[in-house]
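Asker: Below are the sequence and a predicted model for it; my questions follow.
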Amino acid sequence: MKTIAHKIVQGLSYLISRNKLPILIYHQVLAEPDPYRPNIPTEQQFFRQMSVLHRYYNPLSVVDALALLQKNALPPNSICVTFDDGYQNNLSLAAPILNALNIPATVYVATAFSGGKNMWNDRLIDFLVDERHTEYDLSLIDGGTHVIINHKQRHQLIDLVLSHIKYIPTAQRVELVDALLARHNHQCVKAKMMSPAQLATLRDYGIDVGAHTHDHPILAVLPLAQQRIQLQKNIDCLCDWTEADKEMGFAYPNGKFEHDFTQQTADLVKDLGLSYAVTTHAGICTPKSDLFQLPRASSWEKRPLRFHLRLLLDIIRA
C-alpha cells in the first residue's frame, strides 16, 4: 500500500513540479538518536529519505539544477541535497548512502573549525547536556544560576544560552564560550568537523564543497569589510584544500534575511564571484528566484511517506 501511495505522490508531483526546485537542507546525520538534537535524522532515517529521492525524484547537484532552472528547462521531480557547516558525519555516514544511491550533494563549510575546534553552539550544547554537571553559573551572560534535575530543564537552558550568545560578535562569542566552559572545568569532546584532508575526499562521493564563511558569524552584525574578510578567507581555504572552484555556491550562516544577512551581504557574495547563495527561508526555487537568496526545503519529516508528502505540499504551495 505504501508503494502505491508513493507512486500517487510521485505522479501528482510530476504534473506540477516542472521548473520548481526543492533544495533540501541538512546539517548532520547521526548514528543514534540524540534527544537534544531531535531534528537531526539518524543514519537509518536518512537512508530511508534518500531512498525516496532515488526511487521517485531526479536528484541533481545544485549547480546543474540551477543552470537548468535558469533556462526554464528543469525536469519535473528534480531535487537537491545540501548540508551546512561541514560535520564529519557528512562524510562518514551520509556520503556512503548518497554514493550508493547515486545522489549528488553539496556541503557548505565553515573553515575555521576544520582544525579540530568545534563550533560554539556544539561546544555549549555538549556542555549543557553533560549530566556530570547539575549546577550552572551563567552570571557571565547575566543568566543567573541553575540547578538541573531533568531533561526538560536542560532543553530550556540550551534555548536560553544559545539565544543569548548567538548574535554576539564572533570574537566575543568565542571568548564567552571559552570562559563559561573553563568556569565549570568542562573538557570538550572530540572534533566534530571535517579536516582539510577529509574535505578533499568529498568529491570522491559526488559531493561538492561550498562556502559558508570562515568563523560562521552572523554577517548582519559585522561591518562590510569584516564580512568580506570572512568570505574571502573561507573561499581561499576551500580552494587550497579541495578542488573547489572559486565560483562555488554559498550558504549564509543562520540564513535569515535582515536578521542574519543583508542586501549588502548578498551583493558582496555576488561581487566575490560566488555563483549562488542559499538561505534558511522555507520555500521552493523557481526561475524567478533570486540566485543569491535561494530558499530551501526542510527535511524534518523522518517517516518516508510523510517526507514525500511534505515535499509535494511544498511544491503545491510554490
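Answerer: Sure thing, it's come through.
Asker: Following element in sequence after the top helix by length along the chain, please.
Answerer: Longest helix of the chain, by residue count under DSSP state H: helix 224-241. Sequence-wise, the next helix or strand downstream of helix 224-241 (DSSP states H and E) is strand 250-251.
Asker: counting contacts, what elements does that following strand pack onto?
Answerer: Other elements packing on strand 250-251 under the criterion 3 or more CB pairs under 8 Å, 6 or more residues apart in numbering; DSSP states H and E are strand 207-211, strand 277-282. Yep, even glycine has a C-beta here, placed from its N, CA and C like the rest.
Asker: now the next helix or strand after that strand: mean pLDDT?
Answerer: As assigned by DSSP H and E, the chain's next helix or strand after strand 250-251 is helix 263-271. Here helix 263-271 scores 98 as its mean pLDDT.
Asker: Please identify the buried residues of helix 263-271?
Answerer: 265-266, 268-269 (16 or more other CB atoms under 10 Å).
Asker: related to what we said a few turns ago, for the longest helix of the chain, which positions count as buried?
Answerer: Going by neighbour count (16+ other CB under 10 Å), the buried part of helix 224-241 is 227, 230-231, 233-235, 237-238, 241.
Asker: So L202 versus K246, what's the distance?
Answerer: L202 sits at a distance of 17 Å from K246 (criterion: CB to CB, to the nearest Å).
Asker: Who has more neighbours out of those two?
Answerer: Set L202 next to K246 and count neighbours by other CB atoms under 10 Å: L202 wins out with 24 against 13.
Asker: Name the nearest of the buried residues of helix 263-271 relative to I316.
Answerer: Using CB to CB, A266 comes nearest to I316 of these, at 27.9 Å.
Asker: Now that closest one. Nearest residue, chain neighbours left out?
Answerer: Residue nearest to A266 in three dimensions, not counting chain neighbours: F292, with 4.5 Å by CB to CB, 6 or more residues apart in numbering.
Asker: Is the one you found part of a helix or strand, or is it coil?
Answerer: Secondary structure, DSSP: H, G, I helix; E, B strand; the rest coil: F292 is coil.
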